[in-house]
Structures are given as structure tokens and as C-alpha cells.
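K.L.:
Sequence first, then the predicted structure:
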Amino acid sequence: MRIQLSAIAVAISLTLTHQVASANSVASATLGPISVTLIDLNPADSLLPTITWNNATYAPYNNYTYVYAYDTANGNYQSNVAWGENVGTSNSLSASTAQSAASASISGASDDTRLDGVSLTSAGYADGTTSAGNYSSFNAAAYAPYNGYDAFTLGAFTGVIFTAYATTSAQTSVGDDSWGNEYASSNASLNVWGSQPSGNGGSQNSHSSINSYASTYYGLSNSAADMLGGTYINLTGSDKVGYLQFYTSVYGYSYVASAVAEPESYALVLAGLSLMGMISRRKQK
């Protein structure tokens, strides 16, 4: 009888401490192709609307990609950065470990001295470890232009509209069901800013972005898609400097998943306990 009781107890114990589940977090963001539309604000002056990209000012730092992948269980990580000579310079990087990876790219310009047609992407994933207390993570970003300082110059009486289609997604398999289990986020943004036309105080600002987050608090899977846009105008009779930045970024991590009993496991435990009780009562008789 003791052997039967011991076997049942072992079965119940194995049910309550079943093998740790696999886990992962994934995120991606895209933006582009970028469209640059000029508007003639004074057709009567016979001047064509113009935009000049100030690439020479900050060369070779006019666009930027960054990647980072980390796995604490094995102590492995990779990280790298790359700079572009011009705002539309093709620029791509990737990094990976045994359990994580990240990538970022800037591409698609027919003329790398301009932003027209440029697309930005960032992506990454992290697989949950099987070693308690450890985690894997990723981080990636693409910026064009990078700093945004003196990004472009508009000719006299010129307006410009920047647009780009953007998508973001983030997904985790477990989420935050205990401290720091999993998290994923992605972002795509467009920012345009600068001073108001001569004689007006303040500044012109256009900000447009979308974001996706994934965890228990935000949901285990989220995505978004939208057309981002921003404007800048020059109502003066001379050139005017504006500032601009497009970017995509992702971030995420995955710890070892918690061992949580399934509903059917609880049913098995209850059945086992009932059986143990019956055996115990028969032994007493």
C-alpha cells in the first residue's frame, strides 16, 4: 500500500512541477517609402519650389542604424552601429546570438543624397532561456536623417509635405505573468520642426507616430498601421532651414517562462488526492 501511495504522490508532484514552457518575444517596424512633395506658395513670382538636403553639413553622420542582441545564459552579445554619408545612403546591419537577433536597414533611394523613396525597417526576436534568472534581448533602430540638425533648406515661398506609410507589430508568447517574463515594443515616427515664418513667434512642429507594445498589460499581440505625415512652410523671400527625422525602433526581452499548472493538471491533482483519501480510509478499516 505504501508503494501505491508513494507512486501517486510522485505523479502529483510531477504534475505540479511540469517542465518549463518555451517563450519568445518578437517585434518589427517599417516606414516608407518616404514621399517628399513640394508646394509653390507664390506662383506669381516665377520661382520654382525647391528643397536642398544639407548632407555636407554632418557627413558622414546623416543616417544611422543600430543593432544589439544579448543572451545572458551564455554570456553572448553582439552590437554594432553604422553611419551613412547622405540621408538616403543604403545602410543595413544585423546581430545575433544563439537565442536572439536584431536587424535594421535604410534602403530604396534612387539618389542617396535625397530622402525620396527611402524605407526604414527595424526587427528583432528573443527566445526565452531554460536557465532561471537569465534572459535574451534585442534592440534595433534606423534613423534618417540621424541628428535632424539643418536637415534641409527650403527655397523662397516653398512648402513641403513629408509622408510615409508605417507599420508596427509586437508579440510575446507569455507576457508578464511574473516579474519581467517577456516584453516587446516597436515604434515608427516622423518629426518635422523649425521656426515660424519671419515676423511670427514660436515654431512649426509636426509629429506623427505609431507604436505597438506586447505584454500581459498591453496584450500578447499588438499591431498598427497608418500613413504618417508632416509639413513645413517657408513664406519668406529667402531660403529657410528646417529640421527632420524619420525613424523606426524595436526592443524586447524574454526571461525563462514560469511553470504554471494547466487547468487539466489541477483536475488530475484533485483526482489523485481523492484516490489517496480512499486508500487511506480503507487502510484504517
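P.N.:
Looks like it came in fine.

K.L.:
and residue 124, how far is that from residue 32?
P.N.:
Here residue 124 is placed at a distance of 19 Å from residue 32 (Cβ to Cβ, to the nearest Å). Bear in mind the C-beta positions are built from the backbone N, C-alpha and C, glycine included.

K.L.:
Which one's more surrounded, the two?
P.N.:
residue 124 (30 against 25; other Cβ atoms under 10 Å).

K.L.:
which ones are touching that one?
P.N.:
For residue 124, the contacting residues are 26-28, 67, 69, 100-103, 138-140, 250-252, by Cβ atoms under 8 Å, 6 or more residues apart in numbering.

K.L.:
go again using 7 Å as the cut-off
P.N.:
Going by Cβ atoms under 7 Å, 6 or more residues apart in numbering, residue 124 touches 27, 101-102, 138-140, 250, 252.

K.L.:
Am I right that it is in a strand?
P.N.:
Yes: the assignment for residue 124 (DSSP: H, G, I helix; E, B strand; the rest coil) places it in a strand.

K.L.:
Could you measure from it over to residue 181?
P.N.:
17 Å.

K.L.:
Quick check: phi and psi on residue 45?
P.N.:
With angles defined as degrees, to the nearest 10, residue 45 sits at phi -90, psi 0.

K.L.:
neighbours around it, how many?
P.N.:
The number of residues packed near residue 45 is 11, by other Cβ under 10 Å.

K.L.:
Spit out the contact partners of it.
P.N.:
Going by Cβ under 7 Å, 6+ apart, residue 45 touches residue 157.

K.L.:
Check the one 10 residues further on too.
P.N.:
Contact criterion Cβ under 7 Å, 6+ apart gives 62, 86-87, 113 as the residues in contact with residue 55.

K.L.:
repeat that for 10 Å
P.N.:
Going by Cβ atoms under 10 Å, 6 or more residues apart in numbering, residue 55 touches 62-63, 84-89, 112-114, 145, 151-152.

K.L.:
Of the residues you listed, which is the most crowded?
P.N.:
Result: residue 63 is most packed of these (other Cβ under 10 Å), 30 neighbours.

K.L.:
so what's that one up against?
P.N.:
Contacts for residue 63 (Cβ under 10 Å, 6+ apart) come out as 55, 82-91, 106, 109, 112, 115, 118, 120, 142-147, 246-247.

K.L.:
out of those, which are inside helices?
P.N.:
Among the contacts of residue 63, the members found in helices (DSSP state H) are residue 55.

K.L.:
what separates residue 145 from residue 100, distance-wise?
P.N.:
29 Å.

K.L.:
and the closest residue in space to residue 172 that isn't next to it in sequence, how many neighbours?
P.N.:
Distances taken as Cβ to Cβ, 6 or more residues apart in numbering put residue 182 closest to residue 172, at 4.0 Å, once the chain neighbours are dropped. By other Cβ under 10 Å, 26 other residues sit near residue 182.

K.L.:
Also the one 4 residues further on?
P.N.:
The criterion is other Cβ under 10 Å. On that basis, residue 186 has 32 neighbouring residues.
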